[in-house]
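> okay, sequence plus prediction incoming.
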Amino acid sequence: MIKVKRIIDGKTYNTETATVIFRSWHEYSDTGVVVYQTRNGAFFSYEQDYDPSDWCLRPLTDLEAQALLEKWGATDALENCFGSFPEAGAAETRLTI
């Protein structure tokens with residue numbers, strides 16, 4: 001389990017108290033991303049690119065979290081966090097407030 005606590009712009013992001021929404025890890029390249037949601041509903045990611053010293057905790061807006069989850073194909077996580085989405089081609093649209 002990753003244990004990281006950071007204060008960014010006066011807000012605390014703590015991997016121990018947040019809920020893991022999505023995790024993808026590539027064993028052979030040592031790269032990955034974990035998306036968390038805080039107890040108050042804010043999203044943040046913890047990502048690594050090739051070098052363990054490159055781990056980066058980054059706060060996410062709802063739209064950024066949605067885009068990241070879409071990029072990784074995390075359909076279940078998307079629907080759990082944002083509700084159901086309309087089928088492609090439907091006249092209905094989805095607005096996240």
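Ah, there it is. Numbering: from 1, shown residues only.

> right, and residue 2 touches residue 46 too?
Yes: contact criterion C-beta atoms under 8 Å: residue 2 and residue 46 qualify, at 6.1 Å. Placement of C-beta: from N, CA and C, glycine included.

> is it true that residue 66 lies in a strand?
No: counting by DSSP: H, G, I helix; E, B strand; the rest coil, residue 66 is not part of a strand but helix.

> give me the common contacts of residue 2 and residue 46.
Common contacts of residue 2 and residue 46, defined by C-beta atoms under 8 Å, 6 or more residues apart in numbering, comprise 15, 34.

> of the two, which one has the most company?
Neighbours were counted for residue 2 and for residue 46 using other C-beta atoms under 10 Å; residue 46 has more, 21 against 14.

> check which helix or strand the more buried one maps to.
Residue 46 belongs to strand 43-48 when assigned by DSSP states H and E.

> what count of nearby residues applies to residue 80?
Counted with other C-beta under 10 Å, residue 80 comes out at 13.

> contacting residues around the closest residue to it other than its chain neighbours?
With C-beta to C-beta, 6 or more residues apart in numbering as the criterion, residue 80 has its nearest non-adjacent residue at 7.4 Å, and that residue is residue 21. Taking C-beta under 8 Å, 6+ apart, we find residue 21 in contact with 35-37, 43, 65, 69, 74, 77, 80-81.

> helix or strand for the residue most central in space within the chain, which one?
Central residue of the chain (C-alpha atoms, centre = their mean): residue 35, 2.7 Å from the mean position. Assessed by DSSP H and E, residue 35 sits inside strand 31-37.
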